[in-house]
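Visitor: The sequence and its predicted three-dimensional model are supplied below.
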Amino acid sequence: MTRARGFSLLELLVVISIMALATAGVALSLRDTGQTRLEREAQRLAVLLEAGRAQARASGTLVRWRALGPGFRFEGLPVGSTLPTQWLDPGTRVADGAVLVLGPEPLLAPQRTLLTHVDTPELRLSVATDGLRPFALEGRQ
C-alpha cells in the first residue's frame, strides 16, 4: 500500500494562519507613524482639558491651560489637584492656541489649539470645543 505524498488541507490552513498572524503583527508594529503619535497626543490633551474643565467647575475657580515650549501647564487648579504637564512624546508642540480657558462657567467660548510634531511639521491636528460640547480631536488643519 502506498501512502499519498503532500500536505493535508488542515496542515496548509495552519501554515497560512500562522503567516497571517505574523504579517498582522509586523504591520501593527510598523504603524506608529508621526500621524499616530500626534493623534495619541491630541486625544490625551482632549481628556486632560476635560479633566481641568471639570475641576474648574467643581471648585468654582478660573482654570487656564497654557502651552509652554516642551510641555504645558494648568493654572488656577485647586490646591492638591495635579494634572500632567508634559507631552508623552517630547517632540509634540502647540502650533496655535497657546492659552485655553477651562471654566468655571458651564458654557465657554469656542476654543481650539493646533498640535504638531517636530518630526512632521506639515501635520497638524486640532483639539477644539464649541463651548458646549467637550474638547475633542477635530482633525487635520
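Guide: Great, that's in hand.

Visitor: State the phi and psi torsions of Thr85.
Guide: Backbone dihedrals for Thr85, given as degrees, to the nearest 10, come out at phi -130, psi 10.

Visitor: Find the nearest non-adjacent residue to it, please.
Guide: Gly71 (5.1 Å; CB to CB, 6 or more residues apart in numbering). Heads up, the C-betas are built off the backbone N, CA and C, glycines and all.

Visitor: quick one: low-confidence ranges for this protein?
Guide: For the chain, the stretches flagged by pLDDT under 70 are 1-2, 30-32, 139-141.

Visitor: Just give me the longest helix of it.
Guide: helix 34-59 (DSSP state H).

Visitor: on that earlier part again, who touches the residue nearest to Thr85 in this structure?
Guide: If you count contacts by CB atoms under 8 Å, 6 or more residues apart in numbering, Gly71 has them with 85-87.

Visitor: sec struct for Leu115, please.
Guide: strand (DSSP: H, G, I helix; E, B strand; the rest coil).

Visitor: surely it meets Gln43?
Guide: No: taking CB atoms under 8 Å as the definition, Leu115 is not a contact partner of Gln43, at 10.4 Å.

Visitor: picking that back up, which of the contacts of Gly71 sits closest to Thr33?
Guide: Trp87 (16.8 Å; CB to CB).

Visitor: Help me confirm that the closest one comes into contact with Arg40.
Guide: No: Trp87 is beyond contact range of Arg40, at 9.9 Å (criterion: CB under 8 Å).
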